[in-house]
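S.K.: the sequence isn't on hand, but the structure is:
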């Protein structure tokens with residue numbers, strides 16, 4: 001059909017193969033994944049997950065790892081493992097290998113190929129002859145997975161995304177003492193797909209907007225951020241893999257995500273990552289404005305005027321105190337006299353702003369994607 005947006009050769013090949021296979025529901029739907037996640041966060045005895053080891057061994061191993069390290073597991077990991085397992089089932093890749101336990105399963109030349117895509121193998125789904133492998137991978141600069149035909153080294157890279165997800169959320173450059181964002185050339189070189197969004201927010205002052213996120217971007221700038229997110233050399237993805245509203249696995253071309261998803265953009269003044277304070281003069285002013293006392297390198301402030309931070313994953317335990325939405329101090333770094341807390345000003349942490357593009361696959365249907373691209 002002439003009105004179809006052209007697909008690349010790789011996109012067409014993998015999508016034709018995928019949509020020849022009947023609709024397949026993911027091995028654990030969102031409701032079941034949430035139940036498993038809540039159990040994992042509460043460290044429910046591991047024997048409760050025996051069936052999981054059969055149905056989705058990668059997720060079993062991820063949960064076991066989180067128990068052993070006593071670190072919480074991100075809910076997005078659950079969908080990644082479930083989607084990979086479902087995809088492997090559809091392709092009859094029935095041999096599962098944990099690369100943490102068997103690092104020699106993947107041939108060296110395949111490992112080298114993966115390295116060129118900035119991928120570190122975690123789990124492998126393979127046919128018995130090791131001719132084809134779906135490799136679930138990790139790495140801060142890489143995508144989630146790669147489907148490889150070993151003999152001729154045909155590779156399709158895959159990004160797993162939940163129906164509502166961020167394409168990426170990098171730290172923005174650190175702003176100056178006046179709170180004004182200054183975008184550097186080195187940052188833009190690394191994240192060029194966000195340039196249009198940032199051009200629309202020139203002069204943005206994080207001290208004036210702290211406590212709220214910025215979402216007023218044009219559709220054009222957001223589309224550039226989302227569609228080009230997977231087009232750079234370090235994070236190139238052929239397709240995005242997600243689930244539709246009926247729980248069926250679906251793949252779509254990465255450069256056409258806006259056809260299938262509602263897309264939005266966001267700047268968060270206080271992102272996930274925090275660092276030692278880089279605007280010390282501003283911090284001192286915020287402390288004094290709240291009635292705090294700074295004597296030398298020590299701060300004394302009334303506890304009741306500070307908001308609290310609580311541990312992630314529930315439980316309600318206070319982990320820190322917020323001076324404002326951008327600055328906080330860990331409770332462990334404070335001495336508490338009841339009414340007042342004291343802490344070294346050097347122990348204060350500053351949250352870094354972030355930028356993101358988001359995709360929401362609210363009305364996605366396997367049949368609609370298949371019919372749009374005229375796959376038979």
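M.R.: That came through fine. Since we're looking at a predicted model, the values are computed, not measured.
S.K.: and residue 168, what's its pLDDT?
M.R.: Looking at residue 168, its pLDDT stands at 78.
S.K.: make that residue 17, sorry
M.R.: For residue 17, pLDDT reads 93.
S.K.: and the longest helix for the chain?
M.R.: Counting by DSSP state H, the longest helix found in the chain is helix 75-90.
S.K.: who touches that helix?
M.R.: 18, 21, 24-28, 30, 33-34, 36-37, 55-59, 62, 94, 96, 123, 125, 134, 136, 144-145, 147, 158, 160-162, 165, 241-243, 249 (C-beta atoms under 8 Å, 6 or more residues apart in numbering). Every C-beta, even on glycine, is put in place using the N, C-alpha and C of the backbone.
S.K.: with stretch 320-331 instead?
M.R.: So stretch 320-331 is contacted by 206-207, 210-211, 269-270, 274, 277, 283, 286-287, 290, 301, 303, 306-309, 318-319, 334, 341, 343, 347-351 (C-beta under 8 Å, 6+ apart).
S.K.: could you tell me the end-to-end distance of stretch 347-357?
M.R.: From its first residue to its last, stretch 347-357 covers 32 Å (C-alpha to C-alpha, to the nearest Å).
S.K.: mind listing what's buried in it?
M.R.: Within stretch 347-357, the residues that count as buried by 16 or more other C-beta atoms under 10 Å are 348, 349, 350, 351, 352, 353, 354, 355, 356, 357.
S.K.: cool, and stretch 180-189?
M.R.: So for stretch 180-189, counting by 16+ other C-beta under 10 Å, buried means 181, 183, 187.
S.K.: ditto for stretch 320-335
M.R.: 320, 321, 323, 324, 325, 326, 327, 328, 329, 331, 333, 334.
S.K.: kindly indicate which of those lies nearest residue 116.
M.R.: Using C-beta to C-beta, residue 326 is the member of the buried residues of stretch 320-335 that lies nearest residue 116, at 39.1 Å.
S.K.: how close does that closest one sit to residue 205?
M.R.: 12 Å (C-beta to C-beta, to the nearest Å).
S.K.: same question, residue 74
M.R.: 31 Å.
S.K.: same question for residue 104.
M.R.: For residue 104, the distance to residue 205 - C-beta to C-beta - is 54 Å.
S.K.: higher neighbour count, the two?
M.R.: residue 205 (14 against 9; other C-beta atoms under 10 Å).
S.K.: spit out the contact partners of that one.
M.R.: Per C-beta under 8 Å, 6+ apart, neighbours of residue 205: 175, 178, 179, 180, 181.
S.K.: partner residues bridging it?
M.R.: On the basis of DSSP bridges, residue 205 is bridged to residue 180.
S.K.: what is the neighbour count of the closest residue in space to residue 162 that isn't next to it in sequence?
M.R.: Distances taken as C-beta to C-beta, 6 or more residues apart in numbering put residue 79 closest to residue 162, at 4.7 Å, once the chain neighbours are dropped. Using other C-beta under 10 Å, residue 79 has 24 neighbouring residues.
S.K.: show the contacting residues for the closest residue to residue 271 other than its chain neighbours.
M.R.: For residue 271, ignoring the flanking residues on the chain, the nearest one in space by C-beta to C-beta, 6+ apart is residue 354 at 3.4 Å. If you count contacts by C-beta under 8 Å, 6+ apart, residue 354 has them with 169, 170, 171, 172, 267, 268, 271, 272, 273.
S.K.: now these in CSV, with distance to residue 199 and neighbour count?
M.R.: Formatted as CSV, the contacts of residue 354 follow (distance: C-beta to C-beta, whole Å; neighbours: other C-beta atoms under 10 Å):
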residue, distance to residue 199, neighbour count
169, 19, 16
170, 17, 15
171, 19, 16
172, 14, 24
267, 13, 23
268, 18, 19
271, 20, 17
272, 25, 10
273, 24, 14
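S.K.: which among those residues gets closest to residue 364?
M.R.: residue 169 (21.9 Å).
S.K.: can you confirm residue 341 is in a strand?
M.R.: Yes: assigned with DSSP: H, G, I helix; E, B strand; the rest coil, residue 341 falls within a strand.
S.K.: please name the nearest non-neighbouring residue to residue 239.
M.R.: Using C-beta to C-beta, 6+ apart, the closest residue to residue 239 is residue 251 (4.4 Å).
S.K.: output the contacting helices and strands for the host helix or strand of that neighbour.
M.R.: Element membership for residue 251, per DSSP states H and E: strand 249-253. In this structure, strand 249-253 makes packing contacts with helix 9-20, helix 75-90, strand 239-243, helix 366-372, judged by 3 or more C-beta pairs under 8 Å, 6 or more residues apart in numbering; DSSP states H and E.
S.K.: OK, contacts around residue 126?
M.R.: Applying C-beta under 8 Å, 6+ apart, the residues near residue 126 are 93, 95, 97, 105, 132, 133, 134.
S.K.: in TSV, list these along with distance to residue 85.
M.R.: Below are the contacts of residue 126 laid out as TSV (distance: C-beta to C-beta, whole Å):
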residue	distance to residue 85
93	10
95	13
97	13
105	17
132	16
133	14
134	9
